[in-house]
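1. below are the sequence and a predicted model; questions follow.
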Number of protein chains: 2
Amino acid sequence: MGIIERRLRQKEEVKMDILKAAWELAKKDGWQAVSIRKIADAIEYSVPVIYDHFENKEAILLEFAKLGFEKLNKQMEMARNQYEDPADQIKAMADAYWEFALNNTEKYQLMYGIGMACCDVSMALPEQQKLMDTVTSAIEAMAIKSKRTDINACLKYHTFWSVMHGLISIKIVGNSAVDAQLNKMVLDDAIAGFIKNLR
Amino acid sequence: MGIIERRLRQKEEVKMDILKAAWELAKKDGWQAVSIRKIADAIEYSVPVIYDHFENKEAILLEFAKLGFEKLNKQMEMARNQYEDPADQIKAMADAYWEFALNNTEKYQLMYGIGMACCDVSMALPEQQKLMDTVTSAIEAMAIKSKRTDINACLKYHTFWSVMHGLISIKIVGNSAVDAQLNKMVLDDAIAGFIKNLR
DNA sequence: TACTTTTGCTAACAGTGTTAGGGAGATAAA
DNA sequence: TTTATCTCCCTAACACTGTTAGCAAAAGTA
């Protein structure tokens, strides 16, 4: 009775093909160029088959946003765990965030809706919460170490995130109008200042 | 021979009607809901008439991005000119930027392509340059006053802009998931830290 | 073999930006 | 005044988009 198992396996395979096709189209010509018909064409199935696997186009894109958050979470935790000192942790996480956004531009765009319609949904993803926890823990550790009782870690996290996200989204929509080297310098300067204000 | 004058006047009137219709549609249901056909319907002309006044849809949206930059420039200069002390100027400009983004969300979205396709063009607008000059002048003044020769004003401007833009774009795509009061606190904290690092 | 379920297709609906081509009216020249 | 030109603006189409209804063929079950 492995029939239904095989069916499930085959169905999963088609689903993966859909995601793979969508990803390739996005990498080649950007998310705007991704259409249901082009995906159908790539996987050699007709259009309605896609709707057997995903409720709508948004659901397909959301899948990549989720993947993005998972990957970012992993890399942020790895960066933090490489250091003991909270200041070093914060610096490492800033670099990791920057690195992730540079190497996963397509996913980052989806995660925060840069230069594209859709994805207010992605902002409500539970993976966001974990990202916040990872960074906030280091900020709290630093506050304790610096014997600063006046620091609101949640507030400081949002500051951290704003700088990072601002820099990245300007870079993404600006098509490297500002050169890459300056961007990295701005990041380093901003994070150095951020850390200094936590001491 | 006021005939051609009248014609030009009427033509300009239709152009204004197009912009007005586009603006009203955007305010009601967001930029995604703005379509050439809906505009045509609103101005009670057929679709191709719109293409007599604008090269394409992008050109219509770009008009609002330009208006946005002009308004922002004006408000930033006003904010700066209210104070003599460069630190006060920077704080005032940060508040002005924040205020502008809050009260002109639709324009801000267009200016920096938040949550929508299009508008890599708007990033190349000359109005951007002026904005940079306004802020940079205050940063330079502050560097001189603080006798700091190590400050790269251009770099600091980008830091300033990143914090502002990051905070605002998170707020816009996040549909006020994070509450408004915290956002203002984050802004004040970030700018206070920014200014502190210029002393 | 007959029945049921699953699968995946064609074709359509309603919308998008954009443009080719032509008809009617206003202006200018005869 | 008649004829020619020119400007204005419309209808209709093209090539797309996301999404879905309905049906035919294949696969599995009795």
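-> Arrived safely. Source: prediction; values computed, not measured. Numbering: from 1, shown residues only, chains lettered A, B, ... in the order given.
2. so what's the one residue in chain A that gets nearest to DNA strand C up against?
-> When scored by Cβ to the nearest atom of the strand, chain A has residue A:46 as its residue closest to DNA strand C, at 3.0 Å. To be clear about C-beta, it is placed using only N, CA and C from the backbone, and glycine gets the same treatment. When contacts are counted by Cβ atoms under 8 Å, 6 or more residues apart in numbering or on different chains, residue A:46 touches residue A:40.
3. of all the residues in chain A, which one is nearest chain B?
-> residue A:166 (2.6 Å; Cβ to the nearest Cβ).
4. ignoring the adjacent residues along the chain, who's closest to that residue?
-> residue B:166 (2.6 Å; Cβ to Cβ, 6 or more residues apart in numbering or on different chains).
5. please apply the same query to residue A:107.
-> residue A:68 (3.4 Å).
6. what about residue A:139, how many residues close to it?
-> 25 (other Cβ atoms under 10 Å in any protein chain shown).
7. pretty sure residue A:110 sits against residue A:64.
-> Yes. Between residue A:110 and residue A:64 there is a contact at 5.2 Å, judged by Cβ atoms under 8 Å.
8. more neighbours: which of these two?
-> residue A:110 (25 against 22).
9. and the pLDDT at that one?
-> Looking at residue A:110, its pLDDT is 92.
10. wait, what's in contact with residue A:75?
-> A:96, A:99-100.
11. what secondary structure does residue A:45 sit in?
-> coil (DSSP: H, G, I helix; E, B strand; the rest coil).
12. who does the strand or helix carrying residue A:50 touch, helix- and strand-wise?
-> Using DSSP states H and E, residue A:50 sits in helix A:47-53. Contacts defined by 3 or more Cβ pairs under 8 Å, 6 or more residues apart in numbering or on different chains; DSSP states H and E place helix A:47-53 against helix A:3-29, helix A:36-43.
13. just the CA coordinates for stretch A:44-62, please, in CSV.
-> This file holds the C-alpha atoms of stretch A:44-62, laid out as CSV (Å, rounded to 0.1, in the frame of the first residue of the first chain):
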residue,chain,number,x,y,z
GLU,A,44,6.0,21.6,-17.6
TYR,A,45,2.6,21.5,-16.0
SER,A,46,-0.5,23.6,-16.6
VAL,A,47,-1.3,26.7,-14.5
PRO,A,48,-4.0,25.3,-12.2
VAL,A,49,-1.6,22.6,-10.9
ILE,A,50,0.2,25.3,-9.0
TYR,A,51,-2.9,26.2,-7.1
ASP,A,52,-3.1,22.6,-5.9
HIS,A,53,0.1,23.2,-4.0
PHE,A,54,-0.2,26.9,-3.0
GLU,A,55,-3.2,28.9,-2.2
ASN,A,56,-2.0,31.8,-4.3
LYS,A,57,1.1,33.5,-5.6
GLU,A,58,1.7,35.3,-2.3
ALA,A,59,2.0,31.9,-0.5
ILE,A,60,4.8,31.0,-2.8
LEU,A,61,6.7,34.2,-2.1
LEU,A,62,6.1,33.8,1.6
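14. so for that stretch, mean pLDDT?
-> On average, stretch A:44-62 scores 96.
15. list the buried residues in it.
-> A:45, A:50, A:53-54, A:57, A:60-62 (16 or more other Cβ atoms under 10 Å in any protein chain shown).
16. okay, those residues in TSV with distance to residue A:192 next?
-> Formatted as TSV, these follow (distance: Cβ to Cβ, whole Å):
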residue	distance to residue A:192
A:45	52
A:50	48
A:53	47
A:54	44
A:57	42
A:60	40
A:61	36
A:62	36
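17. and DNA strand D, which of the residues you listed reach it?
-> Filtering these for proximity to DNA strand D by Cβ under 7 Å from any atom of the strand leaves residue A:57.
18. endpoints of stretch A:98-114, how far apart?
-> End-to-end distance for stretch A:98-114, by Cα to Cα, to the nearest Å: 16 Å.
19. again, but for stretch A:36-50
-> Using Cα to Cα, the two ends of stretch A:36-50 sit 8 Å apart.
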